[in-house]
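1. What shape does this take:
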Amino acid sequence: MGKKNKKEKKRGLDEGTNLGAEQLPKRVKLDGKGYSSSRIAAAPASGNGGGAASASTRSGGGAAASTSCVTGTSAGTSAAAAAIILSHPAVELARESALAKIRAVAKRKGVSNSAFEKWHFTWLLGAGLEARAAGDAEMDGLDPVLPVQKKFGLDLAERIDSVLVQEGGVDERQARAIRVLAAKAAQKLKTEIKRLSKSIPAESVATPTITVAEIELPTHRQVGLAFEGGAATTMLKLNKTHYDKLMQRYELKTESTQKGKDLAALSRFHKALFNVVQRYKTICGGGFQCALPPLVWSTLREELNFEVEGFASPLNCTLPTFCSAFKDTDAVFGSVGSVFEWLEEDREGSFALNPPYVNDYYEELAKLLKQRLEAAEASNTALSFMVVVGANDAVRKSGWYTGLEKLPFCRKLLFMKIHEHGFIDGRQHMKKDALEKPLAVCDTGAFFLQSAEGAKKWPLTKERMAKIEQVWRGTAPSA
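-> Next comes the predicted model:
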C-alpha cells in the first residue's frame, strides 16, 4: 500500500455534487482541524426544496423560522418555529454539555458508565410516562435528553435513586445529590436554549451550515460533518455506508434531495443527520444500542415477517419503520416514536423488540405486552412478538422475566450464554467492521410471544426454531 493510502484522504462534497455517487471530487489539501474546508452553503429554505415539508409538520426540514423565534420573542412565536430552535445543532451540543457535567459528577463518585446509562434511561422512561399520564400539557417543555424540568413523583425519584445505589455503588445521599444536580442542569439547559434562540442568526435557524467532507481511510470511507458554533467546531463522523442508508431513509420519509442535487433539501438532510448522530453520541449508549447481526435479522424476517422494529435508532435499524427513544431527531428517518406509546394501542402483526438492558424498561414492557396479547386473544387477532433481553442469573430470577415465561402466550424461549452468540456494537456507524465482527454482550433470552391466531400465522415449528438458533449461534465471536 502506497504512502498516499496510509494517510486519511478527504474529499469535499461541493455544491451540485451527487452525494450518492461512488466518485467524489478530490480535496488536495486539508486544513489543520482535520476536515475539508469546502462547504455546502446553507441554501435558503424558500428555494426549490423538492417537495419539502413545512416546519410545522416535519422536524429537521421545512421553511425557515420567523424572526420572532430567533429573537426569543414569546408573542407570535409559533410552535413550529420553537421546534426548529430545539432541533438546531447548537442546542444538541448544549444538551451534550449538560449531560456530560452530570456524568462527570457521577463518575467522581465512582459510578461506572454502564450504571450511569441505566440511571439515565430509567429517568427518561419514568419522566415520559409520568408526563403522559398527567396529560399533554405536562409534555410541553419536556426536553428529550434532560426531562426533569418539572416536579416528578416520589415513586419515580426513589426508582431513579435506587438504580445508582444498586448499580452504581453509591449511598442514598449521593444518589439523591446526583438527581438534584440533574434537575438543576435541566433548568440551566432551558436557560441556555433561550439564550441560543436569541443569538442564532435567522438564516441559520432552519438550515445551519454543516461542512461535509468524505474521509478516505485505508480500509473504508467515512463522511465527516462539521458544525461551527461560535468559537468551537464540532466534527462528527460516520461510515459512508451509514451516510447513504440515512439519506435513503430521509428521502423515503421526508423529501427527495434528487441524489444530492437539491441544495436546499440537502442542507435540511445534513442538519437532521448531524442532529441524530450527535444525539446518540450525547447519550453514549453504545451498550444500549447493540443490534442483532445482519444474518440473524435476515433469517428472522424471512421466518417471522417482522413489520416494525422496536427499541431501535436510525443508526442501527433494519426495518423501514421502527420505534425509538427520540422521535424529535429520528422521525425523519422512519421512527414512529416511543414503543411504549406505540403499544398503548391494540396491534396486529409480527414485531421485534430489543429493549435496552434496564429493569424499568423490562417491567413496563412486560405489562404492555400482556395487555396487547390479551386484547388480541379476545378479538381473535394475529399478534406475535420476539422480545430479546439480557438474561444473566439475577434477571432470570426477576418477576417480569418469570412472568413472561409463565404467560400462556409464551410459545418459545431461546436462551444462549454470552459466548454462544453475538451482537453488533452500538457504534456500528463509526466502525469499519462492526457488522462483520459480532461481539459478546451478555447471556440472552429471546421470548416468542404469540396470540392463538399469531401462532397459526407464524408457527414456531422445530425446523423454524432450529434454523433461527443455528444462525444466531453461528455469530458467536469464537464461531
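
2. Tell me which other helices or strands the helix or strand Glu463 falls within touches.
-> Assigned by DSSP states H and E, Glu463 belongs to helix 462-473. Under the contact definition 3 or more CB pairs under 8 Å, 6 or more residues apart in numbering; DSSP states H and E, helix 462-473 sits against helix 294-304, strand 410-416. Just so you know, the C-beta spots here come from the backbone N, C-alpha and C atoms, and that holds for glycine as well.

3. which other residues reach the shortest one?
-> It stands for strand 410-416. 391, 404-405, 443-450, 455, 460, 465, 468-469, 472-473 (CB atoms under 8 Å, 6 or more residues apart in numbering).

4. make it 10 Å
-> The contact list for strand 410-416 (CB atoms under 10 Å, 6 or more residues apart in numbering) reads 373, 384, 386-388, 391, 396, 401, 403-405, 421-422, 443-451, 454-455, 458-460, 464-465, 468-469, 472-473, 476.

5. Show me which of those residues are buried.
-> Buried positions within the contacts of strand 410-416, assessed by neighbour count (16 or more other CB atoms under 10 Å), are 373, 384, 386-388, 391, 401, 404, 421-422, 443-451, 454-455, 458, 460, 464-465, 468-469, 472, 476.

6. Which of the residues you listed fall within strands?
-> Residues from these lying in strands, with DSSP state E as the criterion: Ser384, Met386, Val387, Val388, Thr444, Gly445, Ala446, Phe447, Phe448, Leu449, Gln450.

7. okay if I get the residues you listed as TSV plus distance to Arg427 and pLDDT?
-> What follows is these, written out as TSV (distance: CB to CB, whole Å; pLDDT from 0 to 100):
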residue	distance to Arg427	pLDDT
Ser384	31	98
Met386	24	96
Val387	24	97
Val388	19	94
Thr444	20	93
Gly445	24	95
Ala446	23	96
Phe447	27	98
Phe448	29	98
Leu449	30	98
Gln450	33	98
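
8. And those, which is closest to Thr207?
-> Nearest to Thr207 among these: Val388, at 38.6 Å, using CB to CB.

9. wait, doesn't that closest one sit right on Asp443?
-> No. Val388 is not in contact with Asp443 according to CB atoms under 10 Å; the separation is 11.5 Å.

10. one step back: among the helices and strands packed on helix 462-473, which is the most enclosed?
-> helix 294-304 (a mean of 18; mean count of other CB atoms under 10 Å).

11. from the middle of its chain, how far away would that one be?
-> Remark: helix 294-304 is offset 22 Å from the chain centroid, using CA atoms, centre = their mean, to the nearest Å.

12. Same check on stretch 97-110?
-> For stretch 97-110, the separation from the chain centroid amounts to 21 Å (computed by CA atoms, centre = their mean).

13. Please enumerate residues in contact with it?
-> 96, 111-113, 115-117, 119-120, 143, 145-146, 164, 168-171, 174-175, 177-179, 181-190, 192, 282-284.

14. Out of those residues, which end up buried?
-> Neighbour counting by 16+ other CB under 10 Å classes 96, 111, 115-117, 119-120, 143, 145-146, 164, 168, 170, 174-175, 177-179, 182-183, 185-186, 189, 192, 282-284 among these as buried.

15. Can you give me the domain boundaries for this protein?
-> Using automatic domain parsing, the domain parsing of the chain gives 9-40+203-283, 89-199, 287-473.

16. what's the average pLDDT for the first one?
-> Same thing as domain 9-40+203-283. Averaged across domain 9-40+203-283, pLDDT comes to 73.

17. same thing with the shortest one?
-> Predicted confidence along domain 89-199 averages 87 (mean pLDDT).

18. now for that domain, what's the gap between its first and last residues?
-> Terminal residues of domain 89-199 lie 13 Å apart, using CA to CA, to the nearest Å.

19. cool, and stretch 310-327?
-> Note: stretch 310-327 ends 13 Å apart using CA to CA.

20. which parts of stretch 212-226 are buried?
-> Along stretch 212-226, these residues count as buried under the neighbour rule (16+ other CB under 10 Å): Val212, Ala213, Glu214, Ile215, Glu216, Leu217, Arg221, Gln222, Val223, Gly224, Leu225, Ala226.

21. Quick check: helices, which of those are part of them?
-> When DSSP state H is applied, these are split such that none fall in helices.

22. Would you mind putting the residues you listed into JSON lines with distance to Val336 alongside?
-> Shown next, in JSON lines, are the buried residues of stretch 212-226 (distance: CB to CB, whole Å):
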{"residue": "Val212", "distance to Val336": "28"}
{"residue": "Ala213", "distance to Val336": "33"}
{"residue": "Glu214", "distance to Val336": "32"}
{"residue": "Ile215", "distance to Val336": "33"}
{"residue": "Glu216", "distance to Val336": "36"}
{"residue": "Leu217", "distance to Val336": "35"}
{"residue": "Arg221", "distance to Val336": "31"}
{"residue": "Gln222", "distance to Val336": "29"}
{"residue": "Val223", "distance to Val336": "26"}
{"residue": "Gly224", "distance to Val336": "30"}
{"residue": "Leu225", "distance to Val336": "25"}
{"residue": "Ala226", "distance to Val336": "31"}
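
23. Between the residues you listed, which sits nearest Lys327?
-> Closest to Lys327, out of all of the buried residues of stretch 212-226 and judged by CB to CB, is Leu225, at 21.3 Å.

24. So in terms of bridging, what pairs with the closest one?
-> Val212, Leu236 (DSSP bridges).
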